[in-house]
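[1] Here you go, sequence then predicted model.
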Amino acid sequence: MNTFRTGSASTSGANGGITTIGLCLAIALLEGLDLQSAGVAAPRIAKEFSLSVAQMGWAFSAGAIGLLPGAALGGRLADRLGRKRVLMLSVVLFGALSLATTLVWNLESLLVARLLTGLGLGAAMPNLIALCAEAASPRQRSTAVGAMYCGMPLGAAIAAAIGIASPGDEGWRHIFYVGGFGPLLMLPLLALCLRESAQFVQTRETAASHAASGFASALWHDGRARTTLALWISYLGTLIVLYFLMNWLPSMVVSNGLSRVQAGFTMMMFNIGGGIGAVGIANVMDRFGRRLTVVAMYVGIAVALAALAGAGGSASMAWGAFFCGLFLVGGQSVLYSLAGQAYPTEVRGTGVGAAVAVGRIGSILGPLVAGQLFALGQSASVLVAASIPLIVVAALAALAVVGSFSSRPLPGAALPGGRGA
């Protein structure tokens, strides 16, 4: 029977695992909404504060810069304090700072608000991954992480819908009201219903000793060096492209002569595709193995990017965006799943957090470099096509991660029928 269950017989079984994944899905949805909010609100923010394209690129990247230390610190603290406690602290932070974004008055205050919001958002993801990976059986961990991660693009689609429905130049603040009050309202549910990871509780003393030994021991010792390096490269390349599209796709559509409503619809298609891909591709990996899934998803990313680069009308751009979301966001959910399986419980938060943090460098570079190139007159289609080589590099690195699963036993990495690769 294909139900989620906790990884230990001493826990209460499937219901606890489903509750954990459901709550993590809700937080991921709110995180996706907040991450997308700046991109959706960008045209009206730029108009209100008379910001240039390059300045908006810095505004996008400020939130991404906060994600980097947030992810590293959130993952590290998860191995010391527990996943639930750190997740709740991160939810408080990004909820409160999303509300603070509605009060900004110039570029500098916008940069500070987005930077601090990014700290909370970054700290949440390693804990969401660890909680879901540890709440499911080894054969369903990819699906569990994918089910959680599908909340990200769905939340982003909700942000796009709010942007469409919010009238007037002042309407951009509505997105941040939802992104602020939503997480804060979730806190009582997290406190009452979210269970700490049973695997973390069982290995608390071992986890504490690993936490005291430092990052190097967690990431580079016990044969984990190859996996760590390959994960970092795959995260970096994939997230550069993903965040470039997440932040600049609406502006790209408008620059092609389409309306703001059409830009919002295109962004919704991107995120709907991402939601389908996050669950669908992760489930494919649980059923058919890692190697086939990784090859297929990166081929899909390259083809979808080529289609988007050649799109001109509203329909072709919307469908190109849909398939980019399907394979890019779905591919990122697979990478998150691989990271959750690549490290033992005692250092899982640290390992996942470090990989997410390195990937966040890509989320900084993507919007920032794209903004500068747009300011120099480069076309959107050229930038989309130029991102395909990065996807090739990321694909090779992801295949190296798959190879490390085959060459040595990794904790909790079993797949149905013994298909490790």
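    Thanks, I have it.

[2] Can you show me the helices along the stretch 201-350 of the chain?
    Counting by DSSP state H, counting those that start in this stretch, the stretch 201-350 of the chain has helices at residues 204-213, 215-220, 225-255, 260-288, 290-309, 314-342, 348-375.

[3] which parts of the last one are buried?
    Neighbour counts over helix 348-375 (16 or more other C-beta atoms under 10 Å) mark 348-368, 370-371, 373-374 as buried. Quick note: C-beta positions are derived from backbone N, CA and C, even for glycine.

[4] Next one: Ile361 relative to Val284, how far apart?
    28 Å (C-beta to C-beta, to the nearest Å).

[5] what does Glu170 give?
    Taking C-beta to C-beta, one finds Glu170 at 44 Å from Val284.

[6] Kindly report the same for Ala135.
    21 Å.

[7] More neighbours: these two, which one.
    Taking neighbours as other C-beta atoms under 10 Å, Ala135 and Val284 compare with Ala135 leading, 31 against 20.

[8] where are the low-confidence patches of the chain?
    The chain contains residues with pLDDT under 70 at 1-16, 204-215, 217, 406-421.

[9] For the longest helix belonging to it, what is the distance to the chain centroid?
    If you go by DSSP state H, the chain has its longest helix at helix 14-49. Mean-position distance between helix 14-49 and its chain equals 10 Å (C-alpha atoms, centre = their mean, to the nearest Å).

[10] That one vs helix 314-342, what angle?
    130 degrees (axes from the mean of the first three to the mean of the last three C-alpha atoms, to 10 degrees).

[11] Any buried residues in whichever helix or strand comes after helix 14-49, and which?
    The helix or strand immediately downstream of helix 14-49 is helix 53-81, counting by DSSP states H and E. If you call a residue buried by 16+ other C-beta under 10 Å, then helix 53-81 has these buried ones: 53, 55-80.

[12] same question, stretch 42-49
    Applying 16+ other C-beta under 10 Å to stretch 42-49 flags 42-46, 49 as buried.

[13] what would those residues look like in a markdown table with distance to Ala198?
    Listed next are those as a markdown table, based on distance: C-beta to C-beta, whole Å:
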| residue | distance to Ala198 |
| --- | --- |
| Ala42 | 42 |
| Pro43 | 47 |
| Arg44 | 46 |
| Ile45 | 44 |
| Ala46 | 48 |
| Phe49 | 48 |
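
[14] hang on, the earlier thing: just send the helices of the stretch 201-350 of the chain back as TSV, with distance to Leu33 too.
    Below are the helices of the stretch 201-350 of the chain laid out as TSV (distance: least, C-beta to C-beta, whole Å):
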stretch	distance to Leu33
helix 204-213	32
helix 215-220	31
helix 225-255	12
helix 260-288	10
helix 290-309	23
helix 314-342	14
helix 348-375	16
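
[15] Which one of those helices lies nearest to Leu99?
    helix 225-255 (21.1 Å; C-beta to C-beta).

[16] Can you get me a residue count around Gly82?
    21.

[17] List the single closest residue to Leu116 in space, sequence neighbours excluded.
    Leu97 (4.7 Å; C-beta to C-beta, 6 or more residues apart in numbering).

[18] I'd say the one you found and Val112 touch.
    No - Leu97 is beyond contact range of Val112, at 9.3 Å (criterion: C-beta atoms under 8 Å).

[19] The two: which is more packed in?
    Legend: neighbour count by other C-beta under 10 Å for Leu97 and Val112, higher for Leu97 (26 against 16).

[20] Which residues are in contact with the more buried one?
    Residues in contact with Leu97 (C-beta atoms under 8 Å, 6 or more residues apart in numbering) are 113, 116-117, 119-120, 180.

[21] how close does Ile272 sit to Gly313?
    19 Å.

[22] Same question for Pro138.
    The gap separating Pro138 from Gly313 is 46 Å, by C-beta to C-beta.

[23] of those two, who's got more company?
    Pro138 (16 against 11).

[24] Helix or strand for Gly122, just tell me which one.
    helix 107-135.

[25] Specify the angle between whichever helix or strand comes after that helix and helix 260-288 in degrees.
    Later in the chain than helix 107-135, the nearest helix or strand by DSSP H and E is helix 141-149. If you take the same axes, to 10 degrees, helix 141-149 sits at 160 degrees to helix 260-288.

[26] hang on, Ile175 packs against Ile162?
    Yes - between Ile175 and Ile162 a contact is recorded at 4.9 Å, counting by C-beta under 8 Å.

[27] ok, those two, which is more surrounded?
    For Ile175 versus Ile162, the count of surrounding residues by other C-beta under 10 Å is larger for Ile175: 28 against 23.

[28] For the strand or helix carrying the more buried one, name the packing helices and strands.
    Using DSSP H and E, Ile175 maps to helix 172-193. If you count contacts as 3 or more C-beta pairs under 8 Å, 6 or more residues apart in numbering; DSSP states H and E, helix 172-193 packs onto helix 14-49, helix 83-101, helix 151-165.

[29] Can you give me the buried ones in the last one?
    By neighbour count with 16+ other C-beta under 10 Å, helix 151-165 contains the buried residues 151-164.

[30] Tell me the spacing between Leu292 and Thr102.
    46 Å.

[31] ok, now Val241?
    30 Å.

[32] who's more crowded, these two?
    Val241 (25 against 16).

[33] Can you give me the neighbour number for Trp319?
    17.

[34] which non-adjacent residue is nearest it?
    Met269 (7.2 Å).

[35] Same question for Ala159.
    Using C-beta to C-beta, 6+ apart, the closest residue to Ala159 is Gln36 (4.1 Å).

[36] cool, Ala133 as well?
    Gly340 (3.4 Å).

[37] Would you mind measuring from that neighbour to Leu239?
    Counting by C-beta to C-beta, the gap from Gly340 to Leu239 is 17 Å.

[38] ok, Arg76 to Arg83 distance?
    According to C-beta to C-beta, Arg76 and Arg83 sit 12 Å apart.
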